[in-house]
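Asker: Fold the following, please.
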Amino acid sequence: MTQHFNQPTSGNDMPRFGGIATMMRLPQAETAAGLDAAFIGVPMDIGTSNRSGTRFGPRAIRAESVMLRPYNMATGAAPFERMQVADLGDIATNPYNLEKSIGLIETGIAEVLRHDCIPLILGGDHTLTYPVLRAMAAKHGPVGFIHIDAHADVNDTMFGERIAHGTPFRRAVEDGAIDPQRAIQIGLRGTGYAPTDFDWQCEQGFRIVPVEECWHRSLAPLMEEVRSLMGSGPVYLTYDIDSLDPSVAPGTGTPEIGGLTTIQALEIIRGCAGLDLVGADLVEVAPAYDTTGTTALIGANLLYEMLCVLPERK
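Answerer: Model (predicted):
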């Protein structure tokens, strides 16, 4: 019997400005049972340090995803011909309590993983990746880690707090959720508090690729090295939209000049093909700072590209 896979609603069946705003206009599911992959929103900005507004990121990304079509004309990927995919809606975070939100996110993602479903997460501020990594490690053990961002997010504390959007990956390393020998951060840049700001993760074993090493070049050769570094073990991909230059993606809370291009973003994600990706996220879209919707549109496209490189399911 031929399996029927969910399909995005066609713009020829419902105008793109109509219908319910799910990711890519896919069906919404109540649970991850029977799904190979799922889009999940985590609307939160309680962990932000500068401009808030990422709580509206998932909704904006879904709204801009109406332009996406099922087939990737560049890579030939056809994810809806081989995977059952749906939108699981949002995890109900607590807007008044960050630590409770952390617990709610970890529990919600753990439930998705219980069904052997790969989560693709719409953020939300980068704090959310910490509980996601905890859930990943509980199922897979320490994961390989591909992090694209303007900021390292390995502060010990922020304003005296151990959990915030600038601390998640120090906490994840301390909890054994990340394998530091299979970890890379791409696109780091901007000003710092001290010359040693990037030393901590290097001491743990991370590879660091400052944005200056990315300027004026293709990142396809870098991704060959990344695939070798990650090997055959489980890998988590986290993509902060502020890795992109604010001239193309201004809708974020902590913009830094001199960032990556959208072409380089595509090279990075498409370069993850062949890896054992067990989950991914796209975070820090704050739509209020981009009245054109372009930042959310880029976020939607990058999430689709993540779907396209997920491994074949057994």
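Asker: all contacts plus neighbour counts: C-alpha atoms, from now on.
Answerer: Will do.
Asker: Identify the residues contacting residue 224.
Answerer: Neighbouring residues of residue 224 by CA atoms under 8 Å, 6 or more residues apart in numbering: residue 271.
Asker: can you rerun that using 10 Å?
Answerer: By CA atoms under 10 Å, 6 or more residues apart in numbering, residue 224 lies in contact with 268, 271-272.
Asker: Can you tell me which of the residues you listed comes closest to residue 67?
Answerer: Nearest to residue 67 among the contacts of residue 224: residue 268, at 21.9 Å, using CA to CA.
Asker: distance of the closest one from residue 63?
Answerer: Taking CA to CA, to the nearest Å as the measure, residue 268 falls 24 Å from residue 63.
Asker: With residue 176 instead?
Answerer: 36 Å.
Asker: Comparing those two, which shows the higher neighbour count?
Answerer: Taking neighbours as other CA atoms under 10 Å, residue 176 and residue 63 compare with residue 63 leading, 22 against 16.
Asker: my guess is the more buried one meets residue 297, correct?
Answerer: Yes - if you go by CA atoms under 10 Å, residue 63 and residue 297 touch, sitting 8.4 Å apart.
Asker: ranges for the strands of the stretch 1-150 of the chain?
Answerer: Ranges of strands in the stretch 1-150 of the chain, per DSSP state E, counting those that start in this stretch, are 37-42, 85-90, 118-123, 143-148.
Asker: The last one pairs with which strands, and in what direction?
Answerer: In the sheet, strand 143-148 lines up against strand 178-188 (parallel), strand 234-240 (parallel) (DSSP bridges).
Asker: Repeat that for the first one.
Answerer: Based on DSSP bridges, the strands next to strand 37-42 in the sheet, each with its direction, are strand 85-90 (parallel), strand 118-123 (parallel).
Asker: What helices and strands are in contact with the lengthiest helix in the chain?
Answerer: Identified as the longest helix of the chain according to DSSP state H is helix 98-114. Packing partners of helix 98-114 (3 or more CA pairs under 10 Å, 6 or more residues apart in numbering; DSSP states H and E): strand 37-42, strand 85-90, strand 118-123, helix 129-140, strand 276-283.
Asker: please redo it, this time with the cut-off set to 8 Å
Answerer: Judged by 3 or more CA pairs under 8 Å, 6 or more residues apart in numbering; DSSP states H and E, helix 98-114 is in contact with strand 118-123, helix 129-140.
Asker: And for the shortest one, what's in contact with it?
Answerer: Taking CA under 8 Å, 6+ apart as the criterion, the residues outside strand 118-123 that touch it are 36-44, 54-55, 57-58, 61, 109, 112-113, 278-285, 303, 306-307.
Asker: which ones are touching the spatially most central residue of the chain?
Answerer: The chain has residue 281 as the residue nearest its centroid, 1.8 Å off, counting by CA atoms, centre = their mean. Applying CA under 8 Å, 6+ apart to residue 281 gives the contacts 120-123, 129, 237-239, 303.
Asker: Show me the two of those residues that sit farthest apart.
Answerer: So, those by CA to CA: farthest apart are 129 and 303, at 15.2 Å.
Asker: Give me the more crowded residue out of those two.
Answerer: For residue 129 versus residue 303, the count of surrounding residues by other CA under 10 Å is larger for residue 129: 28 against 22.
Asker: how about the nearest residue to the more buried one, chain neighbours excluded?
Answerer: residue 168 (6.7 Å; CA to CA, 6 or more residues apart in numbering).
Asker: show me where pLDDT drops low in the chain?
Answerer: Per-residue confidence for the chain (pLDDT under 70) gives these ranges: 1-2, 313-314.
Asker: make it 90
Answerer: Judged against pLDDT under 90, the low-scoring parts of the chain cover residues 1-4, 19, 312-314.
Asker: which residues in it form helices?
Answerer: Under DSSP H, the chain gives helices at 57-64, 98-114, 129-140, 168-174, 199-204, 220-230, 262-270, 294-308.
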